[in-house]
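A.B. asks: pasting the structure only:
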Ligand code: NAI
């Protein structure tokens, strides 16, 4: 068994979309490395269950209900964190959605707006509300979840690609803006990760989609969400103290 390093002892973290999928594993891993992880999700029922499960594992976690596309909810969470902790060391913007996998002419304006609100506007709202707290940290790190489809185009789902491309470039801009405060900002770019999002995508694409996708991956398999979290913990830690504005691909060599 690999030993989990203890790089985040005493750190205060916030993970969005933390109730399930990759976000749940990021929450677990950051807490295993010693952080107190505040994790937030739109799904309060699943979030509360995750909080009980992680607490039973002996981890220090606190669940908050948050729709990342709503400014008032970000403001309320920032005020709560300020009162409770007085600062924020680690911000992981993981929440994201894939509304449909249709080409533009078959998709809808509503799908476009929802995707941009949740995947892209959320990055702006998180910075708007959390930078004052990150400025109070001596170890501030932001990790934004983009995608391989924030770097290259894809067949269909134009809204998703647009939103993830924005996450990539907003990450770099934030790294430039906040470098002077010692706040590092990086993006991760997962390939195909076995979560509910991908299962829903395969279901929408129909029979054979999973096999066809796997055939494009040089490593010949999907990743588990727990294979992404160690990279998030690394970027959040002082081991990455001079890494900012970087794009970290975690894709089994898909884009190589
Ligand atoms: P998932 O669908 O399994 O989990 C997403 C989580 O975000 C859920 O807990 C959901 O309740 C929450 N969420 C959705 N809308 C929200 C909102 N408005 N406010 C707060 N929370 C919200 O998906 P997965 O795979 O864990 O995705 C995590 C991130 O990784 C997303 O940003 C996704 O776009 C990205 N990604 C996923 C890949 C994959 O193959 N699964 C590949 C590359 C990137």
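C.D. replies: Okay, I see it. Note that the coordinates shown come from a computational prediction; the quantities given were computed from them, not determined experimentally. Residues are numbered from 1 along each chain as shown.

A.B. asks: ok, residue 102 - contacts?
C.D. replies: Counting by Cβ atoms under 8 Å, 6 or more residues apart in numbering, residue 102 touches 111, 156, 157. Placement of C-beta: from N, CA and C, glycine included.

A.B. asks: Tell me the one of those residues nearest the ligand?
C.D. replies: Checking those against the ligand by Cβ to the nearest ligand atom gives residue 157 as the nearest, at 10.6 Å.

A.B. asks: From the ligand, how far off is the closest residue to that closest one other than its chain neighbours?
C.D. replies: Take residue 157 and drop its neighbours on the chain: the residue closest to it by Cβ to Cβ, 6 or more residues apart in numbering is residue 101, 5.0 Å away. To the ligand, residue 101 is 12 Å away according to Cβ to the nearest ligand atom, to the nearest Å.

A.B. asks: Isn't residue 101 up against residue 204?
C.D. replies: Yes. Residue 101 lies in contact with residue 204 (Cβ atoms under 8 Å); the separation is 5.4 Å.

A.B. asks: okay, the two: which has more neighbours?
C.D. replies: residue 101 (18 against 13; other Cβ atoms under 10 Å).

A.B. asks: Show me what from the stretch 1-150 of the chain comes close to the ligand.
C.D. replies: 16-17, 19-23, 41-43, 66-69, 94-97, 118, 145, 147 (Cβ under 6 Å from any ligand atom).

A.B. asks: repeat that with 8 Å
C.D. replies: Residues of the stretch 1-150 of the chain lying near the ligand by Cβ under 8 Å from any ligand atom: 16-24, 40-43, 46-47, 66-70, 93-98, 117-119, 122, 145-149.

A.B. asks: Quick check: longest helix in the chain by residues?
C.D. replies: The helix that spans the most residues within the chain, counting by DSSP state H, is helix 158-178.

A.B. asks: average pLDDT across it?
C.D. replies: Summarised as a single mean, pLDDT over helix 158-178 is 98.

A.B. asks: Which strands and helices lie in contact with it?
C.D. replies: If contacts are counted by 3 or more Cβ pairs under 8 Å, 6 or more residues apart in numbering; DSSP states H and E, helix 158-178 sits against helix 109-115, helix 122-134, strand 141-145, strand 184-190.

A.B. asks: orientation of the third one relative to strand 184-190 in degrees?
C.D. replies: When you say that, I think you mean strand 141-145. 30 degrees (axes from the mean of the first three to the mean of the last three Cα atoms, to 10 degrees).

A.B. asks: my read: residue 96 touches residue 23, true?
C.D. replies: No. Assessed by Cβ under 8 Å, residue 96 is found out of contact with residue 23, at 9.2 Å.

A.B. asks: and the two? which has more neighbours close in?
C.D. replies: The neighbour comparison of residue 96 against residue 23 (other Cβ under 10 Å) goes to residue 23, with 29 against 25.

A.B. asks: could you check the angle strand 141-145 makes with whichever strand or helix holds that one?
C.D. replies: Residue 23 is located in helix 21-32, with elements delineated by DSSP states H and E. If you take the same axes, to 10 degrees, helix 21-32 sits at 160 degrees to strand 141-145.

A.B. asks: Run the chain-centre distance for helix 21-32.
C.D. replies: Distance of helix 21-32 from its chain centroid, counting by Cα atoms, centre = their mean, to the nearest Å, is 10 Å.

A.B. asks: begin at 44 from here
C.D. replies: Sure, I'll start numbering at 44, so the last one becomes helix 64-75.
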